[in-house]
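[1] Provided below are the primary sequence and the corresponding predicted coordinates.
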Amino acid sequence: MNSLIFGANGQDGYYLNELCKAKGIKSLAISRSGDGIRGDVSDYEQVEQFIKEHRPTYVFHLAATSTTRHDALFENHAAISTGTLNILESVYNHSPNSKVFITGSGVQFYNDGNPISEDTAFEASSAYAVARIQSVYAARYYRSLGIKAYVGYLFHHESPLRKPNHVSQKIVLAAKRIVHGSEEKLQIGDVNVEKEWTFAGDVAQGMMTLVEQENICEAVIGSGKTHSIKDWIEVCFSHVGLDWTRYLEQAENFQPEYKRLVSNPALMHSLHWQPKIELRQLAAMMIETI
């Protein structure tokens, strides 16, 4: 067995690549940057060549810019929407037995704070959501042509590989600097926002669990458990022996995208998958990583 991972330079790609190795699956990690094979999922000729040459057992499409900002509209459209079409068309023409995993997101659904499942209606609330929605409809179209196109809707997840500008890693790094003598204050917007804090390695296992099913489907991959940003701050700072209330400042003019984002992972639970790493374990993992 072999796999192609597009967008392999991010945290999901790293853990998925490691999982493939552990399972004896030869994996080609493809991204526009990093140490793997260079390739751009938005370039059809490149994607076609990879698919045609390797005829993979699995294809994972993870490439995206991790932001919902409008100014990332074209970049996300190229990576997510065009990338999905490039992969599916190449599979259709050259490797029709491949199983394809298309990444979806919890933020492409209508969100009223209640748990979101695969059956929740989509909502084009951002340019990023538009690209995700387009890619899902492409997957459904190619599924009607006989392609094994799976969709996994991912909710908030973390790892030590998270980039420093992300709020979770920002908090971790601030706690580490402060405990070593920094006099800085941590500026955060709405600390009452609730989201899931799943380990990226567990999410990668969920992706693999989904594509190993013979029943081709779409599934929410999340913990179904929320914690506030304040909970994360408290856990991270207490891990290094600090009182977080002494170091927090409210960021002005901050408008959160949502108040609560939570999944209903009942389908994935029925496939015998659920996350293993809890909030405190995840915080410890990120803080103790050099």
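    That came in fine, so what should we check first?
[2] Point out where the stretch 151-290 of the chain drops to low pLDDT.
    Low-confidence segments of the stretch 151-290 of the chain (pLDDT under 70): 290.
[3] would you list every one of the strands in it?
    Remark: strands assigned in the stretch 151-290 of the chain by DSSP state E, counting those that start in this stretch are 157-158, 186-188, 194-195, 198-199, 218-221, 227-228, 248-250.
[4] Name every strand pairing with the fifth one and say which way it goes.
    In other words, strand 218-221. Its sheet considered, strand 218-221 pairs with strand 148-154 (parallel) by DSSP bridges.
[5] So residue 43 is in contact with residue 85, correct?
    No: with contact defined as Cβ atoms under 8 Å, residue 43 does not count as touching residue 85 (11.9 Å). Heads up, the C-betas are built off the backbone N, CA and C, glycines and all.
[6] how about the helix or strand hosting residue 49: buried residues?
    Using DSSP states H and E, residue 49 maps to helix 44-54. Buried residues in helix 44-54, counted by 16 or more other Cβ atoms under 10 Å: 44, 46, 47, 48, 50, 51, 54.
[7] if we take these, which one ends up nearest to residue 80?
    residue 47 (13.5 Å; Cβ to Cβ).
[8] hang on, that closest one packs against residue 87?
    Yes: the criterion here is Cβ under 8 Å, and residue 47 meets it with residue 87 at 5.9 Å.
[9] Contacts only, for the residue nearest to residue 178 when sequence neighbours are not counted.
    The shortest distance from residue 178 to any non-neighbouring residue, by Cβ to Cβ, 6 or more residues apart in numbering, is to residue 247 (5.9 Å). Residue 247 is in contact with 174, 178, 184, 185, 186, 237, counting by Cβ atoms under 8 Å, 6 or more residues apart in numbering.
[10] If we only consider the residues you listed, which is nearest to residue 59?
    residue 174 (38.2 Å).
[11] Could you find the closest non-adjacent residue to that closest one?
    Here the residue nearest residue 174, using Cβ to Cβ, 6+ apart, is residue 186, at 4.6 Å.
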